[in-house]
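In: just coords:
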Ligand SMILES: Nc1ncnc2c1ncn2[C@@H]1O[C@H](COP(=O)(O)OP(=O)(O)OP(=O)(O)O)[C@@H](O)[C@H]1O
Ligand SMILES: [Mg+2]
């Protein structure tokens, strides 16, 4: 299978008041097309930092990041934004929807940046919202949607550009268990249809949807393999 994403010897340092904090320490990881990977680890271990680097939202202090054939280290900010827009679909724990914008317009937004025509934008956003089960709620603002519905809008927004990789940072973290399971069913279906998914979670049940679990502690990968057996 093709390697979609490769990072090698990636470190990330944060400097605060002259003190350097090593959030990622020499991390290497490679993800192939069609994989479903869960990232787990204690709070503060560097999971979100890693996701931001994989998702081209941030740059490493040192090390190499490749998304398909693109070398992130040498890309300038405009190229980075372009790579992000065409290859990455990001789903956040806090949904990150525009508050004063309807569900459908939120989903259309990445297509505005991608300069897709208004007509095609509407059609694609509509189709995505139907796919996540929100055909009745397209005109609702985020405040008029439940948490689970808001996260489904966010997933539709992440998918509407047909990204090569879907990144989700604790997508069920702010949801009740039923909404969380509905969201995981969507990810499971996406995976079954061939999508590449990297998902951060604290929840072993959520991680069981993945075929591979990468565990991080103190900015280092401490294990990488199949999910542990359910007890
Ligand atoms: N912008 C920043 N400046 C300084 N330190 C930061 C910054 N962002 C993150 N850190 C530190 O880096 C470490 C890793 O943070 P990160 O957000 O990646 O953790 P996490 O594994 O996602 O934790 P959680 O499970 O709580 O979301 C933490 O100790 C955090 O305080
Ligand atoms: Mg985090």
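Out: Arrived safely. Not measured: the values here are computed from a predicted model. Ligands and ions are numbered 1, 2, ... in the order given.

In: Which of the three states applies to the spatially most central residue of the chain?
Out: Most central in the chain under C-alpha atoms, centre = their mean is residue 167, positioned 1.7 Å from the mean C-alpha point. When classified by DSSP: H, G, I helix; E, B strand; the rest coil, residue 167 comes out as strand.

In: And for residue 9?
Out: Recorded secondary structure, residue 9: strand (three-state DSSP).

In: List the residues that contact the spatially closest residue to it that is not a sequence neighbour.
Out: In space, and not counting its chain neighbours, residue 9 is closest to residue 63: 4.4 Å by C-beta to C-beta, 6 or more residues apart in numbering. (Each C-beta comes from the backbone N, C-alpha and C, glycine too.) Each residue near residue 63 by C-beta atoms under 8 Å, 6 or more residues apart in numbering is listed here: 7-11, 26-27, 73.

In: What residues sit buried inside the longest helix along the chain?
Out: Of all the elements of type helix in the chain, the one with the most residues (DSSP state H) is helix 177-192. Applying a neighbour-count criterion of 16 or more other C-beta atoms under 10 Å, the buried positions in helix 177-192 are 179-180, 182-184, 186-187, 190-191.

In: C-terminal to that helix, what's the next element?
Out: Per DSSP states H and E, the first helix or strand lying C-terminal to helix 177-192 is strand 196-200.

In: Report the buried residues of the next helix or strand after that next one.
Out: Downstream of strand 196-200, the next assigned helix or strand under DSSP H and E is helix 204-207. Buried residues in helix 204-207, defined by neighbour count with 16+ other C-beta under 10 Å: 206-207.
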